[in-house]
Each structure stands twice: as structure tokens, then as C-alpha cells.
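> sequence plus predicted model, see below.
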Amino acid sequence: MIKVSVNGEVKELEENLNVSQMIDALEYKVKGFAVAVNTTFVPIAKYDQTIIKEGDTIDILAPVQGG
Amino acid sequence: MTKHIETNDTWQIGGKTLSSRLLIGSALYPSPANMEDAIRISGAQIVTVSLRRQAAGEGGGNPFWDIIKSLGIEVLPNTAGSHSAKEAITTAQMAREVFGTNWVKLEVIGDQYNLQPDPFETVKAAEVLIKEGFEVFPYTTDDLVVAKRLADVGCKIIMPWGSMIGSGKGLMNPDNLVAIRKQFPDLQLVVDAGIGKPSHAAQAMELGYDGVLLNSAIALAQDPVKMADAFRLAVEAGRLGYEAGVMKEREFASPSTPTVGTPFWHQFN
């Protein structure tokens, strides 16, 4: 298992998960969000080839009100 | 007798042709329904939105985003909360994927006290985002040189502040806004932030600005829906006034009633 930060909270994940598998493991079921790993945007097309590593910082963002 | 001048006023911004020159935010409303009603009655065709961390789980979808989509108007995602070019660029890239638009309101804050935009990081981010195919709507101060730098890196739109975000103080430095307008007659200029009441919006439009962007002035009004209607009228009135050509100010009084043939009184020499 590895420890990562997801939206500011420490989570444990299995090793060598890609972003798609990470999303499933974290049970993000509502679509319409975007992912950044270590403050770098990961487009959907690169989910499967982006592997999550120990200590990664992951941000998962969704639409909210804005001015 | 004609009751109103038919202007059929349209403008182009970010590759779109629009008829409303009011850009409206979606935050701070008393309720989602109130937000929806206010946006609809404002006639705005551009609404600003943002991105924030989402909790895991099934939930009930995203009711906010469903309402915005149902309005059928353009969305302008912002990079609010960014304090560096890097953060703003990443947020813009994420917004492009989520909202399906290459428009971005570039907002890089440089000071927490007055939320003043960081001009250096804003220009840096704008240059990168334009190269990546974004239509950048940069929020900046009313500094002419910053506006020049933004134009130099390819911005077709510039959004100088009226005054501090959420302050409602109106146009702090109208002369600065006029200078920017005169220097960039071909760019789309929008006054963003600080608008507190409809007369502020009308003033910005009378200065020849192409549009105004505001949020708090409507959302925090006692009656946001009525205020949205007031802003719609103010923006239209200001634009009409600009097109009609405002009279030049004069240093001294000048009578509007003819003085020739004045009865009874002596005329001044």
C-alpha cells in the first residue's frame, strides 16, 4: 500500500494504480471532474498511462459557483 | 411616434457574437433558484463558473452545473484562488476539460488583503495559455502598462478592475480606464470587479467599455432578481449613451435656454 494526498486528505491506495483505477478505488462515481497529480493536469486521455506513486498529491476538481 | 431607438446592438468576444454586454457571476446567491432567476432576467449570455475539490461518492450529480447547463449560455470558467501562473494554468487546463470550453477568466491574485491581481504572474500565464489555444479573459488592475503587456502576449480581451473584488466601490480610477480604452480601440475591454450599483455599470459603458462583469452587486442585493434586471437596463443605457455621444464637459455654466429675446431682465455682459 502507498500513502497519497487526495484533495488534502491522506488516503491509502494499492501500489501501481493508474488514474482510472485510482478513481474507482476512491469511489468517485459522479462524472464531470478533472484530475491533477502533483499540480499537473492529467487529461482523460492520459489516465491509463499515469501511475500513482507514494507521496503523490492528487486534486480532483468539479464545477462550483464562481464570480 | 417611436418609443425606443432600435439598436440591434451586438458585439464579438472570444469568437462569439452576443447581444448582451453584461457578464454575470454565479456565486453568493441566496439559493440556486434565485441564481437561476437572476441570471435569466439579467439577459447575460456569459456566466462565470469555477472549480473546487469534489468529495468522493455517488451524490446526486451536480445540481449547480445542471442549472448552468440548462441556461444555454456561454460559460466562462475562472482560475480564482490561484496565486501563481502555474496554479492558474493547471486550473485552466482542468476547466477546459470539465466545461468543454477554451475560454478562461484568468485570475491570479497577488495580495490577500485587497485581492489585487498579480500582473507579472497574470502576463506569464496568459502567454502560456494563449499558446495552448485558450481564449484568455485576463482580470487585471487598471494599469495601462500591464494592459500593454497582456496585449503583447496576444490577449484580445482585457478586463481591468473597477475597484477591489466584492467592494462595490465602483470605478476607482475612471481616467485609467479611459486611457486603456484609448490605447486599445480594437481590443474587447470589460470592466471586471468592484461594480456595486447599476450606475457604476452605466458609467463603465459610457466610457466606451465593451462590457461589464459583476457578481456580488446582484447576488448580495436585497432582491437579486430585481437587481439583475436593473443591471440589464443600466448596461443597455450606458451603451446607448456611449453610442449617442456624450457631450463635452465645460468649465463654466452655459444656459440651455436661448438668451436672445429675454424679456424683462437685463442680460449679463
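Alright, I've got the coordinates.
> run through the residues of chain B sitting next to chain A.
B:25-29, B:35, B:48-59, B:61-62, B:64-65, B:68, B:77-78, B:80, B:86-87, B:90-91, B:93-95, B:97-99, B:165-166, B:215-216 (C-beta under 8 Å from any C-beta of the partner chain). The C-beta positions use only the backbone N, C-alpha and C, and glycine is treated the same way.
> quick one: neighbours of residue B:226, just the number.
By the criterion of other C-beta atoms under 10 Å in any protein chain shown, residue B:226 has 12 neighbours.
> what packs against the helix or strand where it lies?
Here residue B:226 is covered by helix B:224-244, with elements defined by DSSP states H and E. Helix B:224-244 makes packing contacts with strand B:22-25, helix B:32-42, helix B:198-206, strand B:211-214, helix B:216-219 when contacts are defined by 3 or more C-beta pairs under 8 Å, 6 or more residues apart in numbering or on different chains; DSSP states H and E.
> possible to save these as JSON lines with mean pLDDT, distance to residue B:188 and mean neighbour count?
Output for the helices and strands packed on helix B:224-244, formatted as JSON lines (pLDDT from 0 to 100; distance: least, C-beta to C-beta, whole Å; neighbours: other C-beta atoms under 10 Å in any protein chain shown):
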{"stretch": "strand B:22-25", "mean pLDDT": "98", "distance to residue B:188": "11", "mean neighbour count": "28"}
{"stretch": "helix B:32-42", "mean pLDDT": "98", "distance to residue B:188": "19", "mean neighbour count": "19"}
{"stretch": "helix B:198-206", "mean pLDDT": "98", "distance to residue B:188": "13", "mean neighbour count": "24"}
{"stretch": "strand B:211-214", "mean pLDDT": "98", "distance to residue B:188": "7", "mean neighbour count": "28"}
{"stretch": "helix B:216-219", "mean pLDDT": "98", "distance to residue B:188": "21", "mean neighbour count": "24"}
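> redo these as CSV? Include distance to residue B:244.
What follows is the helices and strands packed on helix B:224-244, written out as CSV (distance: least, C-beta to C-beta, whole Å):
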stretch, distance to residue B:244
strand B:22-25, 19
helix B:32-42, 23
helix B:198-206, 10
strand B:211-214, 18
helix B:216-219, 25
